[in-house]
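Visitor: Mind looking at a prediction? Sequence and model below.
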Amino acid sequence: MRKAPKDFPGQAFLELLRPPKLTKTHFALFAAYSADPIVLGGALLNLHARGRDNASGNKSDFAGAIEALRERVRFIVQRGRIHRGPKLPKIAAVLDQFVVEMPYRESANSWHPKAALICYQAEGPQRFWRLWVGSRNLTMSRDLDLGLVLDGESRRRKGSQVIGGIDALGATLARAAKLPDINPDDLAKELGTVRWIAPDGINVSRIDLWTRGSEPVAPLDAASRDKIVVLSPFLCDAFARSLADMTKASADRTLVTTLPALRKLGKDGRMGLSDFKLLALGAPIPEGDDVDEDARKADREPATDEEDDDSGGASHSGLHAKLFAAIQGEQIEIVAGSANATDRAWSGRNAEVAARFTGGGAEIDGVLAIVGSATPVSDALLQTLTETEADTAELPLERLRWTLADTSFSLDRNGKMFRLTSGEALSLPPSAQLDVGLATMALHRWQPGVTHIELGEVPLSLQTDLVQFRLTLGDMPPASWLLRVSVFPLIDAERDAAAISRFLSVAGLQAWLREMLEGGAGAGSEDDWDMEPEGFAPKRSSWKHDGLALEDILTAWAKDQTNKSSSLKRVDAVIDRYVAAVLAHGEQLTQADRDDLTALQQTWRIAREVLIAK
């Protein structure tokens, strides 16, 4: 009797980002359909070798991550798909510089790939690489997702291989990211020399990132296989028919999907899947991450993701993995990544990413374990499935979101006064209510027929180009999201220092300085970076009792004069910039704290003259 197949091994996504021992993050490029600022902050913390799996980390660590990674990390996401959840700390304002929005028009196509390419630098010239390709967005989702992780370096190692397509993927992301020190062509050349190590038993043939207008290769060929398995939370009629045609030589075909996806299929799509074993898992959390192409052709609005509360796995809220697998004997061929079983994904309209690889028994077990966790959908049940009012209720709201994401907005700044302007008067139905504001400030009602709205005075520490939108339509729950909007004139370059000084306690600043002098993580006694105090001033410890004194600086210097020189220079830059910012923008500082910070500046001035001059 065959043993029950084992699940794929679990892995915390943020944990994958941490630099290997004795390296630091040189740069990192992320692609995702949607993103949550809390997860972006957690990613930065882990890239800086701080933080935890749940995106948390203390405030001084977050400040250090911002300082270290400012021109090294970019998150490339679909415009209009930055989440504005109930938890948005004001320090999230500084994350605007890390985000690039791709202006795909979601009524026709989406920027939909999910990938992370990271370069780690060792002390010498050696670089290490990590590539993750999968189905997960940069959100707090607990849906079932799949991903493939590859580690690479230029030298040849046992089991390493050159993998086609990664050079083009890197160049595409670099062109979108526009990092100042990353030339896309040079990056492609370097990636062409990297040799990659895949998980045991897996052989990767290529990684493809295709953009709008590309011609992707179909995920399955017409050859006969013992078994075909497809995982996709979203479907469309056109691709259901194509899927049937490309797999008709295989008698054993299984599709694991969601009940909302099956409800949206028309007669042709259901006929195309008539020879498939149909199974269902719970629907993923709503993110608008795909649409029903045939619904558009029938003069209906495309469908958004809807969660089905009547089904789902024990440890995940829903199915979000996308996988196409062909099993022959003890070998499995897999195409996995961001592309659903939809015509929108495989016709070259969306931007998508996919890994093509082969595996053995462990990979077959992993796929069959997912199949075994799903609930069979009988022919009788399938015939009763029709779209419900819940399936279509949010479509008008989604249509308005697309319109607003496509609208040309600008932020006009006159000193600290901000105004949001649209290129034309917004056309909203009478039942719609739109509220807007900077991500760090209060919302303002957008009145019908107007082309601009005054957002009021914004302190430098709260200035950002992230604008929050809250849209309500009738009695439906509101939808909230963020957009990056160009500011003119540009926000002052000292905004980061002002923002960080606003939320960083005196104890936190001390921990940050100690870390740079002595190495290691912060003390851990501070609040998490994403905790926003409400209604009270953050507690600020005095420097008199445990601050950095001259003897502390001399002790750090004496430990290793060779390596501490660069550390002292970093501390010098931080004190010069951030202590001055704390004094300038720390409205809640006591006079005693101000005196202590001034004393720290004077102490450091002595150290600079004695130590750095050497």
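Guide: Yep, that arrived.
Visitor: top helix in the protein by residue count?
Guide: The longest helix of the chain (DSSP state H) is helix 591-607.
Visitor: name the helices or strands packed onto it?
Guide: Contacts defined by 3 or more CB pairs under 8 Å, 6 or more residues apart in numbering; DSSP states H and E place helix 591-607 against helix 506-518, helix 543-546, helix 550-559, helix 561-574, helix 580-585. Heads up, the C-betas are built off the backbone N, CA and C, glycines and all.
Visitor: Below-threshold pLDDT in the protein: ranges please.
Guide: 1-2, 51-55, 286-316, 505-508, 511, 515-526, 533-568, 570, 585-588, 610-614 (pLDDT under 70).
Visitor: Show me the longest strand that occurs in it.
Guide: Of all segments of type strand in the chain, defined using DSSP state E, the longest is strand 23-32.
Visitor: And the helix or strand following it, what's buried?
Guide: Downstream of strand 23-32, the first helix or strand assigned by DSSP states H and E is helix 37-47. For helix 37-47, the neighbour count (16 or more other CB atoms under 10 Å) marks 37-47 as buried.
Visitor: Skipping adjacent residues, who's closest to Thr464 in space?
Guide: Leaving out its chain neighbours, the residue that sits closest to Thr464 by CB to CB, 6 or more residues apart in numbering is Ala93, at 3.6 Å.
Visitor: And that neighbour, how close does it get to Val77?
Guide: 17 Å (CB to CB, to the nearest Å).
Visitor: Show me where the stretch 251-400 of the chain has its strands.
Guide: Using DSSP state E, counting those that start in this stretch, the strands of the stretch 251-400 of the chain run over residues 253-258, 277-281, 323-328, 331-337, 352-359, 375-376.
Visitor: what's the closest of the ones you listed to Asp200?
Guide: Closest of these to Asp200 is strand 352-359, at 9.6 Å (criterion: CB to CB).
Visitor: can you give me the angle the closest one makes with strand 331-337?
Guide: Orientation check (axes from the mean of the first three to the mean of the last three CA atoms, to 10 degrees): strand 352-359 against strand 331-337 gives 160 degrees.
Visitor: so what does strand 352-359 touch, helix or strand wise?
Guide: On a contact count with 3+ CB pairs under 8 Å, 6+ apart, strand 352-359 meets strand 127-134, strand 203-210, strand 331-337.
Visitor: What is the neighbour count of the nearest residue to Glu106 once chain neighbours are set aside?
Guide: In space, and not counting its chain neighbours, Glu106 is closest to Trp402: 4.8 Å by CB to CB, 6+ apart. Counted with other CB atoms under 10 Å, the neighbours of Trp402 add up to 17.
Visitor: Same question for Ala4.
Guide: Using other CB under 10 Å, Ala4 has 10 neighbouring residues.
Visitor: dump the residue contacts of it.
Guide: Counting by CB atoms under 8 Å, 6 or more residues apart in numbering, Ala4 makes contact with 369, 372.
Visitor: and if we set it to 10 Å?
Guide: Taking CB atoms under 10 Å, 6 or more residues apart in numbering as the contact definition, Ala4 lies against 365, 368-369, 372.
Visitor: what ranges do the helices span in the stretch 151-300 of the chain?
Guide: Secondary structure of the stretch 151-300 of the chain, counting by DSSP state H, counting those that start in this stretch: helices at 166-177, 184-191, 237-246, 259-264, 267-272, 293-297.
Visitor: what distance separates stretch 335-349 from the middle of the whole chain?
Guide: The chain centroid and the centroid of stretch 335-349 are separated by 19 Å, computed with CA atoms, centre = their mean, to the nearest Å.
Visitor: before we move on, what about stretch 394-403?
Guide: With CA atoms, centre = their mean, you get 22 Å for stretch 394-403.
Visitor: So what sits opposite the nearest residue to Ala32 once chain neighbours are set aside in the bridge?
Guide: Here the nearest residue to Ala32 in space, its sequence neighbours aside, is Leu138; by CB to CB, 6+ apart that works out to 4.4 Å. Following DSSP bridges, Leu138 is listed with bridge partners Ala35.
Visitor: Which secondary structure elements does the longest strand of the chain sit against?
Guide: Taking 3 or more CB pairs under 10 Å, 6 or more residues apart in numbering; DSSP states H and E as contact, the helices and strands that strand 23-32 lies on are helix 37-47, helix 59-69, strand 73-78, strand 99-102, strand 115-122, strand 127-134, helix 166-177.
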